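**Q** Need a 3D model of the sequence below.
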Amino acid sequence: MATHIDAGKAGEKLAATWLAQNGFTILQHNWRFSHYEIDLIATKNNLLHFIEVKYRSSNWGGYPEEAVNQKKIKDLLKAIDQYLFLNPQHDNFHLDILAITAPPGKPTEYFFIEDVTVE
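**A** Numbers count the residues shown, from 1 in each chain. Purely as a prediction, here's the structure:
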């Protein structure tokens, strides 16, 4: 298996644990529609959250959240539209980014950006 896939899985595992510790209930991992994927779908306080996880072991190439550009957000919104179509019981949601930086030998850092919008 490729190293970036292993890193992605590790990041999503850290994200799911952090989200659960912060009051989220995870509903789905890696939900797919066509060639789009939503990393995590969760609820908190009766609000649906679609969460894009970005994981890095350093900030050498920039902060992880910087990897979520406008095209990525638009692609996520296409997948979200399909999820909401298939799950009409949900009528309110947030698109969030959970950026995780885990430098070797240092504490893991979490940066949660809630309710991202497209400009």
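**Q** Ramachandran angles for the residue nearest the centre of the chain?
**A** Against the mean C-alpha coordinate of the chain, by C-alpha atoms, centre = their mean, the closest residue is Glu52 at 2.0 Å. Main-chain torsions, Glu52, degrees, to the nearest 10: phi -90, psi 120.
**Q** Quick one: low-confidence residue ranges for the chain.
**A** Along the chain, the model assigns pLDDT under 70 to residues 1-8, 118-119.
**Q** can you pull out the strands in the chain?
**A** For the chain, the strands defined by DSSP state E cover 25-33, 36-44, 47-56, 93-101, 109-113.
**Q** mind putting these in CSV, distance to Lys78 included?
**A** C-beta here means a position set from N, CA and C on the backbone, and glycine is covered the same way. Converted to CSV, the strands of the chain look like this (distance: least, C-beta to C-beta, whole Å):
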stretch, distance to Lys78
strand 25-33, 7
strand 36-44, 6
strand 47-56, 11
strand 93-101, 12
strand 109-113, 20
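**Q** Can you report how many residues neighbour Tyr55?
**A** Using other C-beta atoms under 10 Å, Tyr55 has 23 neighbouring residues.
**Q** Give me the neighbour count for the residue lying closest to it once chain neighbours are set aside.
**A** Counting by C-beta to C-beta, 6 or more residues apart in numbering, Tyr55 lies nearest to Gly11, which is 2.5 Å off, once chain neighbours are set aside. Residues lying near Gly11 (other C-beta under 10 Å) number 23.
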